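Colleague: This is the structure alone, sequence omitted:
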C-alpha cells in the first residue's frame, strides 16, 4: 500500500515512520524545505527515543521518502493522512487553515479515488469542512470523482510514541462509507494480527473522542492537584490518598499523581479547544474551565513555596532548576511549567541556573540567555540557595546527596513531582518541600 503523510511534525513523522516500519510505502510531505532537507540528510528534527534509527533504516530501505511537493505523489497513493498543525487561535479555538489547505490541494489535483484522513486533533465538524472544500475544488474543475474523508485521531505519548503506535490500546477510525472502512482496515490489520483493536465510529464521534480522552486525563491531574493542595492544609498525605482511591477499580491508579501542573502540546490545547467548541454551541464546560484554572494556578506552586520559605525576600537568590521539558523523554517545552517558574523567578530578582538532559537548546531558543545553562545537574546547583525539581527525569531520582549538600549554599529542595522521600531528606539535614504532604 502507498500512502502520503502531510506534515512532518511530531504526529506526522512518528506515524509515517511507523507505517513504513510495518512495510507500507510512505511519502512524508512538508512545506518546510529546511525540515525536509534535514530529513533527507539523515537528521531528525524532533527528539523521540528510537525515532532516529527507525527513520534512517526505513529511508535507506526505500519505504520512507520525503518531499515538499504533495502534488508529485498524489496520483500514486491510496490514502493521504493530514497531520498538519492546528495551533490555537487567540480565543483558544483550533486554527484549521493548514488542514483546509491540504484539502484544497487534494481537491485541485486528485485524479482518482482516495481517502483523506485527518490525523491532526481537530474540532467536531472539521471533516464536513474538509469534504466541502474538496468538493468545491472538484466542481471548479468540472469533474466528478469519488473520494472519502475519515478521522483517525492519534493517541501518542511523547517519550513513548513508537510503542504507542506499534502496540496501541486502540485505534479510533471515523468513516462514512464501507469502502473507506475496508481500506483503513487493510492498512491497520498487520499491526493488529493478535488483537484487532480498531474502533470504527462515525466521523463526529471520532473527532470528539480525542478531545474527550485528553480532557478526562487533564481533569484527573487537576483534581489530584486540588486534593494535594488541600492535603497540605489539613495535614493529610496525598500519596496515601492517591493509593487509597486508586485501589478502587472504578477509579484506577493512572493519572492520579499530583505535581506542578501539566503542559505539552495536547492537554492545554485540547482542553481550551473543547471549551471553545462548547461555547460555539451555546454550552459551558464548567468542569473543564475549572480544570484549566487549577492547572494554571498549579504552575506557580513551586515559586510560591520558595517565596514563602524566604518570606518573600528572593532578590539576588540563586535558584537551580532541574527539568525544563513538560515531561521526561522529550525536549518539548510547549506550555511547560518551567517557563512560568522561570518568569516568576526572574521577576522576583533571582539568578536562575537550569539543567535538562535534552531540552537545553529548546529552552535557549525560547527564552535566550536570561538564565544560565549548566553543563550537568550538579553544575546547576553550585552555590544555589534552592533547587526546584520540575521534570522527573530518571537521572534526577537518585542524586548524590553528599554532593548536593556540599555544593549548595542552602540545602533546600522543592520537589514538584514528589520523587524524593521526606523522611530521608529530614535525616540528611535537607529542607524539603513537595506537593500534598
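Modeller: In hand now; what should we look at? Predicted, not measured: the structure shown is a model, and the values here were computed from it.
Colleague: Residue most distant from the centroid, the protein?
Modeller: residue 142 (41.9 Å; Cα atoms, centre = their mean).
Colleague: List the buried residues in whatever helix or strand residue 425 lives in.
Modeller: Assigned by DSSP states H and E, residue 425 belongs to helix 422-428. Under the neighbour-count criterion of 16 or more other Cβ atoms under 10 Å, helix 422-428 has 422, 425, 428 buried. To be clear about C-beta, it is placed using only N, CA and C from the backbone, and glycine gets the same treatment.
Colleague: Now flag whichever of the residues you listed is closest to residue 278.
Modeller: residue 422 (40.9 Å; Cβ to Cβ).
Colleague: I'd guessed that closest one sits against residue 437; true?
Modeller: Yes: contact criterion Cβ atoms under 8 Å: residue 422 and residue 437 qualify, at 6.0 Å.
Colleague: Make sure residue 219 is indeed in a helix.
Modeller: Yes: when DSSP: H, G, I helix; E, B strand; the rest coil is applied, residue 219 is found to be in a helix.
Colleague: Could you find the closest non-adjacent residue to it?
Modeller: The spatially closest residue to residue 219, leaving aside those adjacent along the chain, is residue 291, at 5.0 Å (Cβ to Cβ, 6 or more residues apart in numbering).
Colleague: and what of residue 416?
Modeller: residue 260 (3.5 Å).
Colleague: which strands and helices sit next to whichever strand or helix holds residue 404?
Modeller: Here residue 404, judged by DSSP H and E, is contained in helix 401-407. Contacts defined by 3 or more Cβ pairs under 8 Å, 6 or more residues apart in numbering; DSSP states H and E place helix 401-407 against helix 377-380.
Colleague: Give the rounded mean pLDDT of the helix it packs on.
Modeller: Mean pLDDT, computed over helix 377-380, is 98.
Colleague: Pull the residues that contact it.
Modeller: 320-322, 353-355, 374, 387, 395-396, 399-400, 403-404, 407 (Cβ atoms under 8 Å, 6 or more residues apart in numbering).
Colleague: Show me what the mean pLDDT comes to for the very next helix or strand once past that helix.
Modeller: Following helix 377-380 in sequence order, the next helix or strand is strand 386-389 (DSSP H and E). Mean pLDDT, computed over strand 386-389, is 98.
Colleague: same check, this time on stretch 323-332
Modeller: Here the average pLDDT along stretch 323-332 is 95.
Colleague: picking that back up, for the helix or strand that the helix holding residue 404 is followed by, which positions count as buried?
Modeller: Using DSSP H and E, the helix or strand that follows helix 401-407 towards the C-terminus is strand 412-415. Neighbour counts using 16+ other Cβ under 10 Å place 412-415 of strand 412-415 among the buried residues.
Colleague: Output the contacting helices and strands for strand 412-415.
Modeller: helix 301-309, strand 386-389, strand 431-433.
Colleague: okay, those, which one's buried deepest?
Modeller: strand 386-389 (a mean of 26; mean count of other Cβ atoms under 10 Å).
Colleague: Can you list the strands that that one pairs with?
Modeller: Strand 386-389 sits in its sheet next to strand 318-322 (parallel), strand 412-415 (parallel), going by DSSP bridges.
Colleague: Apart from its neighbours in sequence, what residue is nearest residue 437?
Modeller: Distance criterion Cβ to Cβ, 6+ apart; nearest residue to residue 437, sequence neighbours excluded, is residue 237 at 5.1 Å.
Colleague: Tell me which helix or strand comes right after whatever helix or strand residue 65 lives in.
Modeller: Applying DSSP H and E as the criterion places residue 65 in strand 64-67. Sequence order places strand 79-82 as the next helix or strand after strand 64-67, per DSSP H and E.
Colleague: Contact partners for residue 257?
Modeller: Neighbours of residue 257 in contact, by Cβ under 8 Å, 6+ apart: 221, 224, 242, 417-418.
Colleague: again, 10 Å this time
Modeller: 220-221, 224-225, 228, 238-239, 242, 246, 392, 417-418, 435-436 (Cβ atoms under 10 Å, 6 or more residues apart in numbering).
Colleague: Give the closest residue to residue 411 in space, chain neighbours not counted.
Modeller: That would be residue 430: by Cβ to Cβ, 6+ apart, it lies 4.4 Å from residue 411.
Colleague: One more: residue 267?
Modeller: Here the residue nearest residue 267, using Cβ to Cβ, 6+ apart, is residue 218, at 4.4 Å.
Colleague: show me where the chain has strands.
Modeller: Ranges of strands in the chain, per DSSP state E, are 2-6, 25-29, 64-67, 79-82, 115-118, 148-151, 171-174, 198-201, 318-322, 351-355, 372-373, 386-389, 412-415, 431-433.
Colleague: Name the strands paired with the first one and say parallel or antiparallel.
Modeller: Neighbouring strands of strand 2-6 in its sheet, by DSSP bridges, are strand 25-29 (parallel), strand 79-82 (parallel).
Colleague: Nearest to residue 71, out of the ones you listed?
Modeller: Residue 71 sits nearest to strand 25-29 of all the strands paired with strand 2-6, at 9.5 Å, using Cβ to Cβ.
Colleague: one step back: which ones are touching the residue nearest to residue 267?
Modeller: 255, 262, 266-268, 270-271, 274, 288, 291-292, 294-295.
Colleague: If we use 7 Å, what do you get?
Modeller: Contacts for residue 218 (Cβ atoms under 7 Å, 6 or more residues apart in numbering) come out as 262, 267, 271, 291.
Colleague: And for residue 86?
Modeller: Contacts of residue 86 (Cβ under 7 Å, 6+ apart): 94-96, 99, 120-122.
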